[in-house]
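1. coords please:
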Amino acid sequence: MKDYFGIYWTYPVRWVGLTRFEDVFHATTVSRTVRYQRVQIHRHAASQKRSVPAEAAFLETAADRGTPEVADEIADAVRKRPDLTPVLIDFSDPSGWRRHHELRERMISAGAEFLPAEPAFLDGQQFDPIQHFRSWAERRGDHSGSKEEHRKTILTALRNAPLTGRAAYLNRLQLLTHTGKEWTTDNLRKFLKG
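-> Predicted structure coming up:
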């Protein structure tokens, strides 16, 4: 029996700063979803008397769907380790929500094992991944609804900004764009026209 290649992936949450992973360890410190996947895959490997000598974390490019580009990136990583069985959590529920068709197709072709996204004990408490994703979807909706409030905050802060370097001023105050990106001269100019 082959050992496992742990594959972990999630969506970015730009408005809270989740926009990149340095490595798997970093991913587990900034993403509860990745931490959950890693714990579950390592538990499964131990129950099968197998190890996880390789693992990789991937961050989608879209905040609300799986993309073929990231599915290709994951498939490329798996191809480099033919000595291992890829294993990942299947987050889709019966209604098809959060299903990543492209990734699933590529991983089936690679002989991957899929583990169900079952509730588990994580960080000292019970963690239900499906409920977690639904909560984030609601928070994203709430965040989108706060766009006008965000605009008022930025305009108020700009009253005290120097005439030059206003984008840098907002960034120093950690008042980012509504989508969580740093201000540039160009996106601030567009924001002020809006």
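2. What's the first helix or strand after the lowest-mean-pLDDT helix or strand in the chain?
-> Of the helices and strands making up the chain, the lowest-confidence element is helix 129-145, at a mean of 63, by mean pLDDT, DSSP states H and E. Once the chain leaves helix 129-145, the next helix or strand it forms, by DSSP states H and E, is helix 147-158.
3. Any buried residues in stretch 39-52, and which?
-> Judged by neighbour count using 16 or more other CB atoms under 10 Å, the buried positions of stretch 39-52 are 39-42, 44-45, 50, 52. To be clear about C-beta, it is placed using only N, CA and C from the backbone, and glycine gets the same treatment.
4. Where does pLDDT dip in the protein?
-> Low-confidence segments of the chain (pLDDT under 70): 15-17, 93-98, 133, 136-145.
5. Would you mind listing the outside residues contacting stretch 77-92?
-> 2-9, 36-37, 40-41, 44-45, 52-54, 56, 98-100, 103-104, 106-107, 110-117, 129-130, 133 (CB atoms under 8 Å, 6 or more residues apart in numbering).
6. repeat that for 7 Å
-> 2-7, 37, 40-41, 44, 54, 56, 98-99, 107, 110-117, 129 (CB atoms under 7 Å, 6 or more residues apart in numbering).
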